[in-house]
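**Q** fold the following for me, if possible:
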Amino acid sequence: MIQFNNVSKSFGHQQVIIDASFAIHPGERVGIVGPNGAGKSTLCEMLSGNLTPDKGDCSFPSSQRLGYVHQQLHPGSVHATLLEYVENALPEVHTIMAQLQDVEHQLQTASGDEQERLLKRLGNLQTELEHLGAYELKNRAETILTGLGFDTKRFDEPFSAFSGGWQIRAELARILVARPDILLLDEPTNYLDVPAVEWLRDFLRTYPGTMLLISHDRYLLNSLTNVTLEVMGGHVTRYQGNYARYVHDREARHEQLLAQKRNLDHRKEQLERFIDRFKYKATKAAQAQSRQKMLDKLEEVEVHSIAVRGPKIRLPEPPRSGQLVVSAEDVHFSYDGKTEVVNGATFSIERGDHAAFVGLNGMGKTTLLRLLAGKLTPTSGKITRGVGVEMGYQSQDYADTLAPDKTIFETAKENAVNRSEADIRNLLAGFGFYGEALDKTVRVLSGGEKVRLGLARLLLRPLNFLLLDEPTTHLDIFAREALQDALKEYKGSLCLVSHDIEFVRAVSTTIFALTPGQITRYYGDYDYYREKLAQEQQQLQADQPTDNGQKRRLEGSMTARQTTANAPQAAKNVKNAPVPAPGENSFAARRQRRREEAEIRNEIAKLKKPHEAVVAETEAHIAELEAEQKSLYDTLAAAAPGTDFATVNKRLAEIGRLLDDEAWRWEAASTEIEKLVKECEIRLAELRSGE
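**A** Numbering: from 1, shown residues only. As a prediction, this is how the structure comes out:
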């Protein structure tokens, strides 16, 4: 069991973690979420021993091996080949192998009891090697490297010959090969393309140990985790379930705390009123003292005012363009004049299309965006922009164009057209800039902050065609969700490249899949593309003869047939995948889904019934009490002779208490109904997404 006991950690004057206490049980798969800079990585750094808590302690069983994948390379030799570097994930294997050879050498001359002892030792060493999977290390290394997008032809190249991003991938492969008992993953999808993210998800689904995953990738968090740790405002809160369940439960918990605080404040007000009224009255002094003791014992209810979601981003209304936004005709491009990155690309994007380029790194996705944006000129072929197209391009180095001496607000305002200051501030808040931070100059911002500001500046302009290259980089989950919602509602056209699968799923309506030698267009969203790709691969396997063991099948990899080619060129003439027909899904599957949806709705309806009865009952009773209350106030106002004012006032006080009680009953029942409605929505969404 992993234990954190009253752990606190600060850096300078900033308190990052405050009295964190929680446990992670063996086999749990934990997602760690929270805003950038909240302290998520700090938790893993302390658990791995790279940081020491200022207070408290954290630990895990010494018998278990821990593997930590973060954005720093292993200090081992970088002069080894790629395959050697990854295969050498378990240095203890070499020690055991040396001991094994030594025992085998001694056995040649041993006899009697000594021989029996050595044979037993030999068996124990072989068992250790089998437990570590030592005899499968090379095969595991090759399989994992290929799944993460490495070309088999480069396995024997020096590790140091690879770029930083590919070295980080190799470090991830190295840890996965080691199969540790506890796996710490800090943003493992950085530097991964979409196919590699898909492969990693499928691989980690079968991982048997305890896993802690820091990620802004909701696709991975929802697919892989069953516990969520929220790190926010210095506090660490444990929630059961994946990210989607966490969002639902956190909102419910927040509402519950608010209700508790309202109840507590109401109770305190009643006690204080009694004390103030009777503390100086001799006959009531004892009761007043008793109420004071009750008041002193009441514990405060803390309600943190940190929002679950980022502020809503509102994009300006785009001007109308012509039907054709941009087209490419037989476009070729080469950076060095020798190797073509784009080879004969022909495709078009029309008004309203939300297109995504997906494919392995090196297939030319970013190059195509640069060509469409006019930042690169085709070696041959033609790119035509349509009538009335107002284009905005966000590249990965877009932040370098920001003026260093201007403030964040000034930088945003100079690009805003017909936008109020409130609109500008709201959009900046969606990207993590608010309050005093708006007065910071660009010069003092980090690289990630500059990227976020550059994207915010771009989206303030009224554009009808957006080209976005990895727009979610350096955004936390809340900012990603806010941007995603804004782009879903965007009426203009856009084309994006992103490794955030959930973002692509939500925003794109058509997919351009880049594979060696061609672009294939799928006239549907990302889920439709995945479905058609699976059907194509099944057909391909059915058409191929048995391989007789000559080709290794990469289990769970959707990119096996792509990664073996590793051609540097991308995109010949576009190949159009079939448009999904209304009857494509089988009638039986649709009927089964409708049946399951009906079962969920019926189950929730039964759970709602008693609460709905309470709501109806309390509303009727409140109406009766309010009618009686009005009648009594009328009686007092009339002041008719013979009116028993004491009795009327007593009844009015009693009605006030009854109305309070009924109001709390109504609110509690209504809150439960809202929870059940949200739960129904989540379960139906999960059923429809197939996750």
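**Q** which element follows the strand or helix carrying residue 520 toward the C-terminus?
**A** Residue 520 belongs to strand 518-522 when elements are defined using DSSP states H and E. Scanning forward in sequence from strand 518-522, with DSSP H and E defining helices and strands, the next element found is helix 526-543.
**Q** now do that next one: which elements does it pack against?
**A** Packed against helix 526-543 by the contact rule (3 or more CB pairs under 8 Å, 6 or more residues apart in numbering; DSSP states H and E) you find strand 354-359, helix 501-507, strand 510-515, strand 518-522. Placement of C-beta: from N, CA and C, glycine included.
**Q** which strand residues bridge residue 519?
**A** Counting by DSSP bridges, residue 519 forms beta bridges with residue 514, residue 574.
**Q** of the helices and strands packed on helix 526-543, which approaches residue 469 most closely?
**A** Each of the helices and strands packed on helix 526-543 has some distance to residue 469 by CB to CB; the shortest is strand 354-359, at 9.4 Å.
**Q** how about that closest one as CSV, C-alpha atoms only?
**A** Coordinates of each C-alpha in strand 354-359 appear next as CSV, following Å, rounded to 0.1, in the frame of the first residue of the first chain:
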residue,chain,number,x,y,z
HIS,A,354,-13.8,20.9,-38.7
ALA,A,355,-10.9,18.8,-40.0
ALA,A,356,-8.1,17.0,-38.1
PHE,A,357,-4.9,15.6,-39.5
VAL,A,358,-3.9,12.3,-37.7
GLY,A,359,-1.0,10.0,-38.3
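**Q** which other residues reach the helix or strand following that strand?
**A** From strand 354-359 onward toward the C-terminus, using DSSP H and E, the following helix or strand is helix 365-373. The contact list for helix 365-373 (CB atoms under 8 Å, 6 or more residues apart in numbering) reads 326, 328, 331, 333, 341-342, 345, 357-359, 376-378, 383, 391, 393, 395-396, 467, 469, 495, 497, 514, 570-571.
**Q** which of these are buried? Put it as a ChimeraX command.
**A** Selection of the buried residues among these in ChimeraX, burial being defined by 16 or more other CB atoms under 10 Å:
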select :326,328,331,333,341,342,345,357,358,359,376,378,383,391,393,395,467,469,495,497,514,570,571
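**Q** coming back round to it: summarise which helices and strands the strand holding residue 520 is packed against.
**A** In this structure, strand 518-522 packs against strand 340-350, strand 510-515, helix 526-543, strand 574-576, with contacts taken as 3+ CB pairs under 8 Å, 6+ apart.
**Q** what do you get if the cut-off is 10 Å, keeping everything else the same?
**A** Strand 518-522 makes packing contacts with strand 340-350, strand 354-359, strand 510-515, helix 526-543, strand 574-576 when contacts are defined by 3 or more CB pairs under 10 Å, 6 or more residues apart in numbering; DSSP states H and E.
**Q** pull out the buried residues from it.
**A** Within strand 518-522, the residues scored as buried using 16+ other CB under 10 Å are 518, 519, 520, 521, 522.
**Q** nearest to residue 165 among those residues?
**A** Of the buried residues of strand 518-522, the one sitting nearest to residue 165 (CB to CB) turns out to be residue 519, at 23.4 Å.
**Q** which SS class is residue 276?
**A** Residue 276 falls in the helix class when you classify it by DSSP: H, G, I helix; E, B strand; the rest coil.
**Q** ok, now which ones touch it?
**A** For residue 276, the contacting residues are residue 288, taking CB atoms under 10 Å, 6 or more residues apart in numbering as the criterion.
**Q** how near is it to residue 660?
**A** Per CB to CB, to the nearest Å, residue 276 is found 19 Å from residue 660.
**Q** residue 597 too?
**A** Distance from residue 597 to residue 660, by CB to CB: 40 Å.
**Q** higher neighbour count, the two?
**A** Neighbours were tallied for residue 597 and for residue 660 using other CB atoms under 10 Å; the higher tally belongs to residue 597 (15 against 12).
**Q** so residue 25 touches residue 240, yeah?
**A** No: checked against CB atoms under 10 Å, the pair residue 25 and residue 240 is beyond contact range at 11.5 Å.
**Q** need the overlap of contacts for these two.
**A** Counting by CB under 10 Å, 6+ apart, the contacts common to residue 25 and residue 240 are residue 227.
**Q** can you give the domain ranges for this structure?
**A** As recorded under automatic domain parsing, the domains making up the chain are 2-246, 247-297, 324-540+562-576, 590-689.
**Q** so which of those domains is nearest residue 312?
**A** For the domains of the chain, proximity to residue 312 was assessed by CB to CB; domain 324-540+562-576 is nearest, at 6.3 Å.
**Q** how far off centre is that closest one?
**A** Shown here is domain 324-540+562-576, whose average C-alpha point lies 20 Å from the average C-alpha point of the whole chain (CA atoms, centre = their mean, to the nearest Å).
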